[in-house]
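[1] fold the following for me, if possible:
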Amino acid sequence: MCVNNIDFRRGDLFPNLVFLGACPGQEEENAVPQRPFAGRSGANLSILLQVLHDLENKGIFGLRASDFSTTNVDHYTLMNSHAAARWPARDGRSIPRMLEVQDPENIQRLTRQLRFVNARVIIGLGRPIDNRHLAQRRRDSAPMRAIRMLAESNANISFLVTGHPSPRAINRFAQGNAAQWFRTMLHRFP
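    Reported below is the predicted structural model:
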């Protein structure tokens, strides 16, 4: 059975709508209670929720008109592509290695979590900066690699990808405009 922890939190109202990050970080490990997206990236998820709420023609993304009717992050399921927390000061990196993400035990963990919440939509938070790289495994982010591994056996799930909600990514690639970052990067996969 899946329980809320550092890498998984079942949504309170819409558990079948899932946000998939890379891995927990220092803020998630230090949170009480531990939970995914406890830090600054989690704060930016509210902006993404507003973008998804206001999205016109949701059908082209495989969404229903009623999807993302609230901007409360806890109403949705939060997961990570890999369960182990990583941060630069301790680990020298803040993301999992692709071999860790695609490890069969990790994919089984993700599959169990998705079945537990009866996932219908998964939004991967972190993808190649350039749309041309969506088809290239060597340019994957952790959520993109997990989605590639999961999409083959989950045809009933709509997979979307968008930019990572970290302040660093938003500042670097969207000049600090999180809403524009999410609108520009939102894409249906495959």
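[2] middle-most residue in the chain, spatially?
    Nearest to the geometric centre of the chain sits residue 20, at 2.3 Å (Cα atoms, centre = their mean).
[3] centre of the chain to the helix or strand of the chain with the lowest mean pLDDT, how far?
    When each helix and strand of the chain is scored by mean pLDDT, DSSP states H and E, helix 167-174 comes last, with a mean of 87. Distance of helix 167-174 from the chain centroid (Cα atoms, centre = their mean, to the nearest Å) equals 16 Å.
[4] show me which parts of it are buried, residue by residue.
    Under the neighbour-count criterion of 16 or more other Cβ atoms under 10 Å, helix 167-174 has 169, 170, 173, 174 buried. Any C-beta I mention is one placed from the backbone N, CA and C, and that applies to glycine too.
[5] contact partners for residue 7?
    Under the criterion of Cβ atoms under 8 Å, 6 or more residues apart in numbering, the neighbours of residue 7 are 23, 24, 36, 79, 80, 82, 83.
[6] of those residues, which pair is most distant in space?
    36 and 82 (11.5 Å; Cβ to Cβ).
[7] mind checking how far residue 170 is from residue 76?
    20 Å (Cβ to Cβ, to the nearest Å).
[8] report the beta-bridge partner residues of the closest residue in space to residue 125 that isn't next to it in sequence.
    If the residues on either side of it in the chain are set aside, residue 125 comes closest to residue 21, at 4.9 Å by Cβ to Cβ, 6 or more residues apart in numbering. When assigned by DSSP bridges, residue 21 has beta-bridge partners residue 80.
[9] what is the burial count for residue 21?
    Neighbouring residues of residue 21 were enumerated by other Cβ atoms under 10 Å; the total is 30.
[10] my guess is it contacts residue 41, does it?
    Yes: at 7.0 Å, residue 21 and residue 41 qualify as touching, with contact defined as Cβ atoms under 8 Å.
[11] what is in contact with these two at once?
    For the pair residue 21 and residue 41, residues contacting each of them under the criterion Cβ under 8 Å, 6+ apart are 125, 164, 165.
[12] pLDDT wise, what is the nearest residue to the second one once chain neighbours are set aside at?
    Right, the one you point to is residue 164. Spatial nearest neighbour of residue 164, excluding adjacent residues (Cβ to Cβ, 6+ apart): residue 126 at 3.9 Å. With respect to pLDDT, residue 126 scores 86.
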